[in-house]
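**Student:** no FASTA, just this:
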């Protein structure tokens, strides 16, 4: 190996050792590197995070997902099924009233509102989503 290559390898070894120390101490980088190495997430990222509009849409869906998940768990003390979650998300997005309320509720995540979540809007959003005893979601009109 020539002298330049040996120096480069030593430089990278030092950088890797520094990175190893950062990873040991920093939970964010532990989670981030793990997530980015996850094949399923990486495929999702490449398919649905192509431009800023896609990114905003996906974050919006993720926020709605976690909100519905919390609403369901609070009410039934169990996790919502993937099938019911899919139905709920589809209904929220395709129903004008719920879509408008969801967009308004989550505007703050784009920096358009100063408050984190308006509790009045969240309560109204929850009231639009009603799970009956058969676990079928009803959108109240």
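**Tutor:** Good, I have the coordinates. Computed from a prediction, not measured in an experiment: that's the story for all the values here.
**Student:** Residue 23: neighbouring residues, count only.
**Tutor:** By the other C-beta atoms under 10 Å criterion, the neighbourhood of residue 23 contains 14 residues. C-beta: built from backbone N, CA, C; applies to glycine.
**Student:** Now do the helix or strand hosting it: which elements does it pack against?
**Tutor:** Secondary structure assignment for residue 23, by DSSP states H and E: helix 3-25. In terms of contacts (3 or more C-beta pairs under 8 Å, 6 or more residues apart in numbering; DSSP states H and E), helix 3-25 is packed against helix 27-37.
**Student:** what is the orientation angle of the helix it packs on with helix 3-25?
**Tutor:** Using axes from the mean of the first three to the mean of the last three C-alpha atoms, to 10 degrees, the direction of helix 27-37 lies 110 degrees away from that of helix 3-25.
**Student:** Helix 27-37 - contacts with which helices or strands?
**Tutor:** With contacts taken as 3+ C-beta pairs under 8 Å, 6+ apart, helix 27-37 sits against helix 3-25, helix 39-48.
**Student:** okay but residue 55 is in contact with residue 49, surely?
**Tutor:** Yes. Checked against C-beta atoms under 8 Å, the pair residue 55 and residue 49 is within contact range at 5.3 Å.
**Student:** Kindly provide the distance from residue 129 to residue 73.
**Tutor:** Summarising the geometry, the distance separating residue 129 from residue 73, computed by C-beta to C-beta, to the nearest Å, is 13 Å.
**Student:** Could you check which of those two is surrounded by more residues?
**Tutor:** For residue 129 and residue 73, the more surrounded residue by other C-beta under 10 Å is residue 129, and the numbers stand at 21 against 12.
**Student:** Mind listing the residues bridging to the more buried one?
**Tutor:** The partner list for residue 129 in beta bridges (DSSP bridges) reads residue 139.
**Student:** Model confidence score at residue 138, please.
**Tutor:** With respect to pLDDT, residue 138 scores 47.
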